[in-house]
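Participant: pasted the sequence and its predicted model underneath.
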Amino acid sequence: MVRTLFSLAVAGVAGLWLCGPVQAAQAGGPLSMSLVRLSPSGKLYAFLADAGGAKRVVVATADNKVLLSIPASATQAMQDIEWAGEGHLLITNDTSVPLDPQYFEQHRDDVASVTAVNLDTHAAINVFVSPSQQRVVSAVIGQYGTARIGGHWYGYFGAYPYDTSSLGSVVRHDADFKAIASFEFYPDLYRVDLDTGALSVAAYGEPGAYGWLVTPDGQVVANAVFDQKSKTWSLHRGARGGATLLSGGGSDQGPVLVSLGPAPDTVVAKLQDKSGARLVELPLSPGAGAARPAVEDSALSVLVDRATDRWIGTADDNGQLDATAEASPAAAKIKAAFAPFDGEKPRLVSASADFNTMVVWTPAQGADGTYWRVDIGQQSAVPIGSGPTPKPAGAAARITFKADLAMRWQGEQMISAPVPSRGSKQGF
């Protein structure tokens, strides 16, 4: 009989918390969870657990072993959990930071902070928080993926550079590190060692710098620029400047580079104008791209190959794949994962790189929905916990990302209503 991981391991998980109320909450019903993320192999998954108000980041295996259980911040809102290979976890929080009243009307704002955890050593570093980073503000302004280079893992993050010289103002530098005094705030892209925190510039920004697209091998293949005053935007090839791929305007939101395209030498971007949002596949050379059908963000599960970061397609809230996804090798497995939930509006939350293991969420009327761990090889769907409508991950998070002046991540509403117990599904 297939049973949930936490029905078998309640005592072990509760023991890690060393908290009586958590044990009672565990025993009383399904584990409340959010931000459920499978590792690339599908053998591990991470999530934010909420038991009796005590929130923790948990990493567990499919055979009921808890590898990591660490307390979540009580003062910061957790926004995402992301894997870098099988051995590193990136935890993103909203954090309140002070702002210099000389330049800002408000004295504090919420920006993203990222902690990288090594699952082998249990060591952790905070991105851009180090005495050696004199020229980088201690806040993450956009996350652009991870890469394994020379057997080592790096993350790519945006940050505001500064200089603590006697000028008493923000000082930028060009590619030759010649000082350029400026009061314009725009980020550069940095490559950060996920074990040491050491950083190097991966791409210099420019006025209106709005984001980059980084491949799994660390190549910066495209960048976005958005002028908030004129509401005009442009997409370019390469790390900075480069040939213009597409330009436009008329929206309060700039373009978002989502992933590499399904075809070689293309990228997928989300564009926003007065008529709404649309997805566009663009060749990495000058010229217009072929527009994809417009889709509402809230009804979108974005499918991207985790090994190559190439676009696979989308699935709507009814589990229906678009034409591009239908033609992909992953289509049959995704349909098999949705099959046990016909008519229940399943949503794909996370998938292993080979799509043999997936996490699916199904809604419940007037209550939290259910998270299921689906194993294609075993033909089983096992309920692992309950939670509110899941927040998009990976490329989907880039699509639904609403950027303001600080490009900060948006919050997630936590719902605490109980979920009725549900049985396992086998042999689909």
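Facilitator: It's in.

Participant: need the strands for the stretch 301-428 of the chain, in chain order.
Facilitator: With DSSP state E, counting those that start in this stretch as the criterion, the stretch 301-428 of the chain has strands at 301-304, 311-315, 347-351, 357-364, 367-375, 380-387, 425-426.

Participant: how is this protein divided into domains?
Facilitator: With domains defined by automatic domain parsing, the chain comprises 87-205, 207-300+393-410.

Participant: average pLDDT across the longest one?
Facilitator: The average pLDDT for domain 87-205 rounds to 77.

Participant: next, the distance between the ends of it.
Facilitator: By CA to CA, to the nearest Å, the extent of domain 87-205 from end to end equals 30 Å.

Participant: with stretch 322-338 instead?
Facilitator: End-to-end distance (CA to CA), stretch 322-338: 14 Å.

Participant: how far does that stretch sit from its chain's centre?
Facilitator: Centre-to-centre, stretch 322-338 and its host chain are 22 Å apart (CA atoms, centre = their mean, to the nearest Å).

Participant: also stretch 239-258?
Facilitator: With CA atoms, centre = their mean as the basis, stretch 239-258 stands 21 Å off its chain's centre.

Participant: same deal with stretch 304-313?
Facilitator: In terms of CA atoms, centre = their mean, the centre of stretch 304-313 is found 14 Å from the chain centre.

Participant: tell me the mean pLDDT over that stretch?
Facilitator: 91.

Participant: now do the buried residues in it.
Facilitator: V304, D305, R306, D309, R310, W311, I312, G313 (16 or more other CB atoms under 10 Å). C-beta: built from backbone N, CA, C; applies to glycine.

Participant: these two touch, right, the fourth one and G145?
Facilitator: Yes - the criterion here is CB atoms under 8 Å, and D309 meets it with G145 at 7.0 Å.

Participant: mutual contacts of those two, please.
Facilitator: Common contacts of D309 and G145 (CB atoms under 8 Å, 6 or more residues apart in numbering): T215, P216.

Participant: thinking again about what came up before, can you put the buried residues of stretch 304-313 in CSV and add distance to V66?
Facilitator: Below are the buried residues of stretch 304-313 laid out as CSV (distance: CB to CB, whole Å):
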residue, distance to V66
V304, 28
D305, 29
R306, 24
D309, 30
R310, 33
W311, 34
I312, 31
G313, 34
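
Participant: show me which of those residues is closest to A269.
Facilitator: Nearest to A269 among those, counting by CB to CB, is W311 at 10.4 Å.

Participant: how many residues are close by A269?
Facilitator: For A269, the neighbour count with other CB atoms under 10 Å is 26.

Participant: now G366
Facilitator: 6.

Participant: ditto for A51
Facilitator: Neighbour tally, A51, other CB under 10 Å: 21.

Participant: how close does it sit to S41?
Facilitator: Applying CB to CB, to the nearest Å, the value for A51 to S41 is 27 Å.

Participant: W372 now?
Facilitator: W372 sits 19 Å away from S41, going by CB to CB.

Participant: so for those two, which sits in the more crowded spot?
Facilitator: Neighbour totals were compared for W372 and S41, and W372 leads with 26 against 14 (other CB under 10 Å).

Participant: what sits against the more buried one?
Facilitator: Residues near W372 by CB under 8 Å, 6+ apart: P340, F341, V359, V360, W361, T362, A381, V382, P383, I384, K425.

Participant: pLDDT score for the second one?
Facilitator: Which is F341. 91.

Participant: what's around the nearest residue to it once chain neighbours are set aside, how many residues?
Facilitator: Nearest residue to F341 in three dimensions, chain neighbours excluded: T362, at 5.3 Å (CB to CB, 6 or more residues apart in numbering). The number of residues packed near T362 is 19, by other CB under 10 Å.

Participant: residues contacting T362?
Facilitator: By CB under 8 Å, 6+ apart, the neighbours of T362 are F341, E344, K345, P346, R347, G369, T370, W372.

Participant: who does it bridge with?
Facilitator: T370 (DSSP bridges).

Participant: repeat for K270
Facilitator: With DSSP bridges as the rule, K270 is bridged to V256, L279.

Participant: surely it touches P255?
Facilitator: Yes - checked against CB under 8 Å, the pair K270 and P255 is within contact range at 6.7 Å.

Participant: residue ranges with poor pLDDT in the stretch 251-400 of the chain?
Facilitator: 286-300, 393-400 (pLDDT under 70).

Participant: go again with 90.
Facilitator: 251-254, 262-265, 270-281, 284-303, 307, 313-325, 342-347, 364-368, 388-400 (pLDDT under 90).

Participant: so which bits of the host helix or strand of A224 are buried?
Facilitator: Of the helices and strands defined by DSSP states H and E, A224 is found in strand 220-227. By neighbour count with 16+ other CB under 10 Å, strand 220-227 contains the buried residues V220, V221, A222, N223, A224, V225, F226.

Participant: for D317, state which of the residues you listed is nearest.
Facilitator: For these, the nearest to D317 is A224 (27.8 Å; CB to CB).

Participant: any idea how far that closest one is from V214?
Facilitator: Distance from A224 to V214, by CB to CB: 13 Å.
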